[in-house]
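Engineer: let's see this in three dimensions:
(chains A, B, C and D)
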2 protein chains.
Amino acid sequence: MRRVLIIEDEPGLVMALTQRFGSEGYEVETAADGEQGLALGLSEVFDIIVLDLMLPRRNGFDVCRDLRQQGINTPIIMLTARGQVVDRVVGLKLGADDYLTKPFAMMELLARVEALLRRSDSSRAFVEIGASSKRRSPGVFQFGTVRVDFRQTLVTRDDKAVNVSAREFKLLQYLIEHSGATVSRDELLNEVWGYNTLTTTRTVDVHISSLRQKIEEDPRHPKSIVTIHGFGYKFVS
Amino acid sequence: MRRVLIIEDEPGLVMALTQRFGSEGYEVETAADGEQGLALGLSEVFDIIVLDLMLPRRNGFDVCRDLRQQGINTPIIMLTARGQVVDRVVGLKLGADDYLTKPFAMMELLARVEALLRRSDSSRAFVEIGASSKRRSPGVFQFGTVRVDFRQTLVTRDDKAVNVSAREFKLLQYLIEHSGATVSRDELLNEVWGYNTLTTTRTVDVHISSLRQKIEEDPRHPKSIVTIHGFGYKFVS
DNA sequence: GGAAATTGTGACCCAGTTGTTACCCACAAG
DNA sequence: CTTGTGGGTAACAACTGGGTCACAATTTCC
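Structural biologist: Numbers count the residues shown, from 1 in each chain, chains lettered A, B, ... in the order given. The predicted structure follows:
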């Protein structure tokens, strides 16, 4: 089982992360300040570390640097508050492997974690015989005349590129990844927008609407992104 | 046995919640104001906490934040009065795990509680040997030629989709979940509509009727949703 | 720094949903 | 068989949820 260490002081976020990772099958440990986090990171073995930048008692930079200096090379994802103009360079220089600005969508975090794990797996994989047994998602999804390429972040319809914004793309991706399931607006806000966005649920409708304009044959009578009155939306392929 | 802490000042609701949780086999403790609730939450261990937002002596936000700051990470469901829209954000940020707007259907509350417990169980489950013993509800229920898919929010009959409204779907779900039991109109109003709705019991009949039109072979002589004269309805599969 | 694109919000309207009433029939008790 | 009460359902009115437009705020890109 994968083990993740979460070093973060905001209780709500800790809660949310714990649950999200838990439901993904991770074993979760948490630390509420830098000191504690550093100690845990040094004394136990993890597959991934999620590290907030602003921490009481010892900030994320220090923790990250110290971990690396002690020979810990577990993948680290750094969380930075919006507005902190901390550029990627500083974080990466200190040994972080990726970073995310708060507030982030859970979906996003999970995706990056997976990516990092895949990387570190494959760098270790030379021991294993044959290809890794991990089935990676095909990367391309097609329904009707529409094709979504997740690797290239590209949507085409009748082989012609469709201009889809970032938000729309993520929304579409989430819907596709949960094909057939009814997803509520709240779930979409949490997974696609962010874990504590101020956004109202009506915003979801607007983006759904504009997505439909772009990928549905007849936007007035959508076939792929279906409304489930009173519940939410559902993607059917 | 599961232990639940209910922090709520409205006596009627406290009563209803106590009974409902009691009949589900929970051990219930209650607090009528924030101070008392906080004290209880800190001094005893619970599996779940139901916390009203508007409370005398200390509001739900404070209680939630204080509990979290004291290291209590029991799942918390927050109850908010209708109209307070902003609460989602603030509540979740402070460490609440879910929220419900009053008046809510008991069924809804129970479902969310179950979901939270399942989540927190699975994050602890790494101790267990082998695959997690998570028994998830099958998600699909079939009787006769009718199939109800709870994940997809979809009802089909003879493999053809049946257009069922939100209320009808929830009603059907409740009946199915209590297969074989006679459920009174009052119970349905409480569980499917809301705990203090002004709705009359005749409304239930109307919805039952329209459900029958949609899923019964012969709506005049229903086989699945049976009337128990003088008592209520019963679902038989 | 300014232009262009993206994103969130409020407003409006429509369609589907929901609750109520009314009328009639079914049931059970005598 | 009769009668009083409970239940089925059609019809209507009121409401609510959802689609989309226009605008403002924000971000991104030259």
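
Engineer: ok so residue A:78 is a helix residue?
Structural biologist: No: secondary structure of residue A:78 (DSSP: H, G, I helix; E, B strand; the rest coil): strand, not part of a helix.

Engineer: pretty sure it is touching residue A:100, no?
Structural biologist: Yes: using CB atoms under 8 Å, residue A:78 is in contact with residue A:100, at 7.4 Å. The way it works is simple: take the backbone N, C-alpha and C, and place the C-beta from them, glycine included.

Engineer: which one of those two is surrounded by more residues?
Structural biologist: residue A:78 (27 against 15; other CB atoms under 10 Å in any protein chain shown).

Engineer: so who does the more buried one touch?
Structural biologist: Contacts for residue A:78 (CB atoms under 8 Å, 6 or more residues apart in numbering or on different chains) come out as A:51, A:52, A:53, A:60, A:64, A:91, A:96, A:98, A:99, A:100.

Engineer: next SSE after the worst-scoring helix or strand of chain A on mean pLDDT?
Structural biologist: Lowest by mean pLDDT, DSSP states H and E among the helices and strands of chain A is helix A:88-94, with a mean of 57. Per DSSP states H and E, the first helix or strand lying C-terminal to helix A:88-94 is strand A:98-101.

Engineer: what helices or strands is that following strand leaning on?
Structural biologist: strand A:76-80, helix A:88-94, helix A:106-124 (3 or more CB pairs under 8 Å, 6 or more residues apart in numbering or on different chains; DSSP states H and E).

Engineer: kindly recompute the last result at 7 Å.
Structural biologist: On a contact count with 3 or more CB pairs under 7 Å, 6 or more residues apart in numbering or on different chains; DSSP states H and E, strand A:98-101 meets strand A:76-80, helix A:106-124.

Engineer: quick one: the last one to chain centroid distance?
Structural biologist: Centroid separation between helix A:106-124 and its chain, computed with CA atoms, centre = their mean, to the nearest Å, is 10 Å.

Engineer: just the CA trace of whichever strand or helix holds residue A:21, in CSV.
Structural biologist: Using DSSP H and E, residue A:21 sits within helix A:11-23. What follows is helix A:11-23 as a C-alpha-only set of coordinates in CSV (Å, rounded to 0.1, in the frame of the first residue of the first chain):
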residue,chain,number,x,y,z
PRO,A,11,-7.1,21.7,9.6
GLY,A,12,-9.8,21.7,7.0
LEU,A,13,-7.3,21.0,4.2
VAL,A,14,-5.6,18.2,6.2
MET,A,15,-9.0,16.7,6.7
ALA,A,16,-9.9,16.9,3.0
LEU,A,17,-6.6,15.5,1.9
THR,A,18,-6.6,12.7,4.4
GLN,A,19,-10.0,11.6,3.2
ARG,A,20,-9.3,12.0,-0.5
PHE,A,21,-6.0,10.0,-0.2
GLY,A,22,-7.7,7.5,2.1
SER,A,23,-10.5,6.8,-0.4
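
Engineer: buried ones in it, by neighbour count?
Structural biologist: A:11, A:12, A:13, A:14, A:15, A:16, A:17, A:18, A:19, A:20, A:21, A:22 (16 or more other CB atoms under 10 Å in any protein chain shown).

Engineer: from those, which is closest to chain B?
Structural biologist: Using CB to the nearest CB, residue A:22 comes nearest to chain B of the buried residues of helix A:11-23, at 2.8 Å.

Engineer: that closest one and residue A:3: what is the separation?
Structural biologist: 12 Å (CB to CB, to the nearest Å).

Engineer: from DNA strand D, how far off is residue A:113?
Structural biologist: Using CB to the nearest atom of the strand, to the nearest Å, residue A:113 is found at 22 Å from DNA strand D.

Engineer: backbone torsions only: list them for the closest residue to that residue other than its chain neighbours.
Structural biologist: Using CB to CB, 6 or more residues apart in numbering or on different chains and skipping the chain neighbours, the partner closest in space to residue A:113 is residue A:48 (5.6 Å). Residue A:48 has phi and psi values of phi -150, psi 150 when expressed as degrees, to the nearest 10.

Engineer: spit out the contact partners of residue A:48.
Structural biologist: Listed by CB atoms under 7 Å, 6 or more residues apart in numbering or on different chains, the contact partners of residue A:48 are A:4, A:74, A:75, A:113, A:116, A:117.

Engineer: equivalent analysis for residue A:192, please.
Structural biologist: Neighbours of residue A:192 in contact, by CB under 7 Å, 6+ apart: A:105, A:107, A:170, A:171, A:174.

Engineer: where does chain A come near DNA strand C, residue by residue?
Structural biologist: Within chain A, the positions adjacent to DNA strand C are A:163, A:165-168, A:193, A:197-200, A:202-203, A:206-207, A:229-230 by CB under 7 Å from any atom of the strand.

Engineer: check those residues against DNA strand D, which are close?
Structural biologist: Okay, of the residues of chain A next to DNA strand C touching DNA strand D (CB under 7 Å from any atom of the strand), that's A:202, A:206, A:229, A:230.

Engineer: the third one contacts residue B:166, correct?
Structural biologist: Yes: when contacts are counted by CB atoms under 7 Å, residue A:229 is listed as touching residue B:166 (6.1 Å).
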